[in-house]
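Undergrad: Take this sequence and fold it.
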Amino acid sequence: MTDEIAALVRLRDVDANIGKLTSLIELVPEQVAELTRKVELLREELSKRRTTQEELKVKRRAKEKEVEDFTAKIHKFEVDQYGVKNNEQYQALLREIALLKQKRSQAEGEIIEIMEQEESSARDMKEFEAKIAREEAGTAEDKRKREAELEDAKRDLAVEESEKAGLVSRLSPPVRMRYERVSEGKGGMAVAAVINRACGACYTNLPPQTLNEIRKGLQVITCETCGRLLVWTEESGH
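TA: Purely as a prediction, here's the structure:
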């Protein structure tokens, strides 16, 4: 195996590593953003629940005001009973007082229902706030892990890129040009190993003579289908 072929064999692994690290580096910010959005959605839900609590409070106060108004009217009509001139007016006041008491009783019942809803909402709110606190703590830890992974990936990528530069420098100008051209068009993977007597990238079966030449490792052989530079590795067999 020539030094140039050995460089291509190693380049295959380095390029694969670079591809994985690059994908990870691109993915981590998206993962962090998703973690942040998850907490934001919980915060939005918390805000909605607080709004509901306030609406219940406003509704209860309105009903309490109704009860106060009914009570005041009832008191007024009860006082007015002493000044009526005839039984018809007296009976009319009694009917009005009875109706007002009925309405007041209904409003008081609604107040009790609203208070029960407020108590249930308050319990749910405490549980939801505790859930958010747990999510925020977990999210903060996940973010730290993702950011640590990102820094490690960046350092590893710099190492791989440095090794790649050294390997590419060992290629002859024609092979280097071919490698760079194919690499640009094939997502950074310009070198493919022979797998099961075929190109490991596009799976095109290779003629016996071509397989022999690749196994010898004395010259650069290109896949006629996908254009990748073919190399013989441990995966290729014996």
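Undergrad: Only C-alpha atoms from now on, for both contacts and neighbour counts.
TA: Fine.
Undergrad: Run a quick check on L206 versus R197, I expect a contact.
TA: Yes. When contacts are counted by CA atoms under 8 Å, L206 is listed as touching R197 (6.0 Å).
Undergrad: What does M189 show for phi and psi?
TA: phi -110, psi 90 (degrees, to the nearest 10).
Undergrad: And it, what's its pLDDT?
TA: Looking at M189, its pLDDT is 95.
Undergrad: can you pull the contacts of it?
TA: 12, 15-16, 182-183, 228 (CA atoms under 8 Å, 6 or more residues apart in numbering).
Undergrad: Tell me which entries of these lie within helices.
TA: Within the contacts of M189, membership in helices is found for 12, 15-16, 182-183, as judged by DSSP state H.
Undergrad: Now the two most distant members of those residues.
TA: Largest separation among the ones in helices among the contacts of M189 by CA to CA: A16 and V182, giving 14.4 Å.
Undergrad: more neighbours, these two?
TA: V182 (19 against 16; other CA atoms under 10 Å).
Undergrad: which residue ranges form the strands in the chain?
TA: 191-195, 198-199, 221-222, 229-231 (DSSP state E).
Undergrad: check contacts around the closest residue to I195 other than its chain neighbours.
TA: Spatial nearest neighbour of I195, excluding adjacent residues (CA to CA, 6 or more residues apart in numbering): S236 at 5.0 Å. S236 makes contact with 193-197 under the criterion CA under 8 Å, 6+ apart.
Undergrad: of those, closest to T22?
TA: Among the contacts of S236, and counting by CA to CA, the member closest to T22 is A193, at 21.6 Å.
Undergrad: That closest one and A165, how far apart?
TA: As judged by CA to CA, to the nearest Å, A193 and A165 stand 20 Å apart.
Undergrad: tell me the contacts of V9?
TA: For V9, the contact set (CA under 8 Å, 6+ apart) comprises 191, 193, 231-233.
Undergrad: Looking at the residues you listed, state which has the most neighbours.
TA: Most neighbours among the contacts of V9, by other CA under 10 Å: V231, with 29 neighbours.
Undergrad: That one contacts I195, doesn't it?
TA: No. The pair V231 / I195 is not scored as a contact, 9.9 Å apart, by CA under 8 Å.
Undergrad: Kindly list the longest helix within the chain.
TA: The chain, longest helix under DSSP H: helix 87-169.
Undergrad: averaged over its residues, what pLDDT does it have?
TA: Rounded mean pLDDT across helix 87-169 is 95.
Undergrad: Show me the domain layout of this structure.
TA: 14-163, 173-236 (automatic domain parsing).
Undergrad: which of those domains sits most buried?
TA: By mean neighbour count, with neighbours taken as mean count of other CA atoms under 10 Å, domain 173-236 ranks first of the domains of the chain at a mean of 17.
Undergrad: measure the residue positioned nearest the centre of the chain to E108 for me?
TA: Centroid check for the chain by CA atoms, centre = their mean gives E34 as the closest residue, at 2.8 Å. From E34 across to E108, the span is 47 Å (CA to CA).
Undergrad: Ramachandran angles for K186?
TA: Dihedral angles (degrees, to the nearest 10) for K186: phi -120, psi 30.
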